[in-house]
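S.K.: Provided below for reference: sequence and predicted model.
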Amino acid sequence: MDVVRENAREIVERLAAVSSEADRLGMARFGITSAKAKVLGVRMPVLRAMAKDIGRDHGLALELWATAVHEARILACLLAEPKRVEEALAEAWVADFDSWGLCDQCCLNLLDRVPFAYAKAVEWIEREPEFTRRTGFVLMAVLAVHDKKAEDARFLAWLPLIERHAEDPRNFVKKAVNWALRQIGKRNAALREAAMETARGLITRDDKTARWIGRDALKELESKT
């Protein structure tokens, strides 16, 4: 007997049924709002459980993204098949990012697994839109954690890029730059020393954003020695 698959509309209805206005307001207080998508107020454990129940389904992921519902788009990132994500699709989805929640979940659960992840991280940080640049730096942070087999040279090459963008004062960019620097430094002793050297250099700058990034990263990295 064939199993009838839920369609995107039915899943959005299910999301709405388990949503909470209190959770939506709580998300808003933490900066998860969107001008491009409707935010229902569904917690991540609920979305992960739904994704596990549904299983990987690339076609459904595309349909969910098209609903322009925030939680449906996070679910799309959990259901999409990394090997079937082409660059054009990644570009289109990243262009829709306008909250750190969607950006980070997509990086953590999908974009770090696509074959062009390293190249796109470098491309995206050079673009001006806040959440596109954030995506590049979050992807750097996530790859530093997830890609256990990568050589140090990959991450050493990113430290000058972190230095170049450390004076971007936009909140969601500077926090991502800081995150990338910290995660690179936490991979091993050699990268920790290189990241600490970068952090020390940032602390000496006249720019307050660069100083904050440097101080915060150095505090954490020194605690790991």
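M.R.: Alright, I've got the coordinates. If you're wondering where the values come from, they're calculated on a predicted model, not measured in any experiment.
S.K.: which positions within stretch 68-80 qualify as buried?
M.R.: Taking 16 or more other Cβ atoms under 10 Å as the basis for neighbour counts, the residues of stretch 68-80 that come out buried are 69, 70, 71, 72, 73, 74, 75, 76, 77, 78, 79, 80. Yep, even glycine has a C-beta here, placed from its N, CA and C like the rest.
S.K.: now intersect the residues you listed with the helices, please.
M.R.: When DSSP state H defines the helices, the subset of those inside them is 70, 71, 72, 73, 74, 75, 76, 77, 78, 79.
S.K.: and the two most separated of the residues you listed?
M.R.: In terms of Cβ to Cβ, these reach their longest pairwise distance at 70 and 79, which sit 15.1 Å apart.
S.K.: so how far is stretch 63-74 off the chain centroid?
M.R.: Between the mean C-alpha location of stretch 63-74 and the chain-wide mean there is a distance of 16 Å, by Cα atoms, centre = their mean, to the nearest Å.
S.K.: mean confidence for it?
M.R.: Model confidence over stretch 63-74, given as mean pLDDT, is 97.
S.K.: ok, now stretch 139-151?
M.R.: Per-residue pLDDT values over stretch 139-151 give a mean of 97.
S.K.: show me what counts as buried in that stretch.
M.R.: Residues of stretch 139-151 classed as buried: 139, 140, 141, 142, 143, 144, 147 (neighbour count, 16+ other Cβ under 10 Å).
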